[in-house]
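Trainee: Here is a sequence with its predicted model. Questions after.
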Number of protein chains: 2
Amino acid sequence: MDIEGIQDFYPDDVAHCYGCGKLNEHGHKIKTNWDGDETLTHFTPKDYHTAIPGYVYGGLIASLIDCHGTGSAALAAYRIEKREPGTLPPFRFVTASLHVDYLKPTPLGVELEIRGKITEVKDLPFGKLRRRKKVITEITVSANGEVTARGIVVAVQMPENMVK
Amino acid sequence: MDIEGIQDFYPDDVAHCYGCGKLNEHGHKIKTNWDGDETLTHFTPKDYHTAIPGYVYGGLIASLIDCHGTGSAALAAYRIEKREPGTLPPFRFVTASLHVDYLKPTPLGVELEIRGKITEVKDLPFGKLRRRKKVITEITVSANGEVTARGIVVAVQMPENMVK
């Protein structure tokens, strides 16, 4: 897949996410891609993304884990259906739950590496005739080669009626 | 307590949090206060804090829960010690873990109400001679009177060596 990230394939009407939407001018615009069987993104926090001076704000770490989780879910869904991202219908996931363990302070001023492992993909019943996918991703956030936070994201395929 | 929030009493060297620090010009500056036995804050997301159009970004919701959790922990610690915020030594907590269940989409364009219930306060051993507090807070995020997300924050008193 010769793209920066799965987020490049989110349809325009659902590409405004503050964390990863290509159409959100104020947002973080993270890009989630495969790295072998894991998913990978990088992000360098701004100097004002502070927890206490010198360390990265935990809410930003949660945000990166969140968006990398929904992006990983979309990647996994395409791969399981043996389809390339960009083929129709598109996959777009939302977060059902998010868990973050802050293992140690994350230093500011360096690029963070965010890695995901897909641990579960399921088809859930949704209405009488349809199903939608649920994907669980386990995520690590590393700085200077050291894991500083771990997360778990449960993502589900976006209900069609969420688009206004 | 006749203040806007416990964050007003964080010492200046730890008052730069992007979510709640009074000294972070770019941040959200949330203010956590008591409302009876619960803790309360309000926040109105910006129009660019989008998940998909019309709804609030989940990473922002996680951030609000996170900072309201550490603020609630500080309030609870003062109350248990029967001390007023502002008396010394100050209480400042960091997040050990954060869990968020996104129950339904949170509409953009309205003020959110974030409420906390302190469910556990413990003294943990820390080194040979000292102890530090651990506080668990259960948090709801509501829009238009409806709970849209629930969170649990496990906060621990900040290690002194975190301040650079």
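Mentor: Happy to help now that I have it.
Trainee: Check chain A and tell me which residue is nearest its centre.
Mentor: A:His68 (1.7 Å; C-alpha atoms, centre = their mean).
Trainee: Find the residue closest to A:Gln157 in space, skipping its chain neighbours.
Mentor: Excluding the flanking residues, the one nearest A:Gln157 by C-beta to C-beta, 6 or more residues apart in numbering or on different chains is A:Arg132, at 3.7 Å. For every residue, glycine as well, the C-beta is placed using N, CA and C.
Trainee: Give the burial count for that neighbour, as a bare number.
Mentor: Residues near A:Arg132, counting by other C-beta atoms under 10 Å in any protein chain shown, number 18.
Trainee: same thing with A:Arg150?
Mentor: Neighbourhood size, A:Arg150 [other C-beta under 10 Å]: 16.
Trainee: and the gap between it and A:Phe91?
Mentor: 25 Å (C-beta to C-beta, to the nearest Å).
Trainee: list the contacts for A:Ser72?
Mentor: A:32, A:39, A:116, A:118, A:135, A:137, A:139, A:153, A:155 (C-beta atoms under 8 Å, 6 or more residues apart in numbering or on different chains).
Trainee: Which strands and helices lie in contact with the helix or strand where the fifth one lies?
Mentor: This means A:Val135. Taking DSSP states H and E as the definition, A:Val135 sits inside strand A:130-143. Applying 3 or more C-beta pairs under 8 Å, 6 or more residues apart in numbering or on different chains; DSSP states H and E, one finds that strand A:130-143 contacts helix A:58-80, strand A:93-102, strand A:112-126, strand A:146-157.
Trainee: Report the mean per-residue pLDDT for the longest one.
Mentor: Pointing back at helix A:58-80 there. Computed over helix A:58-80, the mean pLDDT rounds to 97.
Trainee: any low-confidence regions in chain A?
Mentor: Applying pLDDT under 70 to chain A flags the ranges A:1-3, A:129, A:160-164.
Trainee: quick one: furthest residue from the center of it?
Mentor: A:Lys128 (29.1 Å).
Trainee: so which strand or helix has it?
Mentor: Per DSSP H and E, there is no helix or strand for A:Lys128.
Trainee: who touches it in this structure?
Mentor: Applying C-beta under 8 Å, 6+ apart, no residues contact A:Lys128.
Trainee: ditto for A:Gly151
Mentor: Residues near A:Gly151 by C-beta under 8 Å, 6+ apart: A:62, A:65-66, A:69, A:98-101, A:138-141.
Trainee: Which among those residues count as buried?
Mentor: Buried members of the contacts of A:Gly151, scored by 16 or more other C-beta atoms under 10 Å in any protein chain shown, are A:62, A:65-66, A:69, A:98-100, A:138-141.
Trainee: For the closest residue to A:Ile139 other than its chain neighbours, name its beta-bridge partners.
Mentor: Of all residues not flanking A:Ile139 in the chain, A:Gly151 sits nearest, at 4.3 Å (C-beta to C-beta, 6+ apart). Assessed by DSSP bridges, A:Gly151 has beta-bridge partners A:Val100, A:Ile139.
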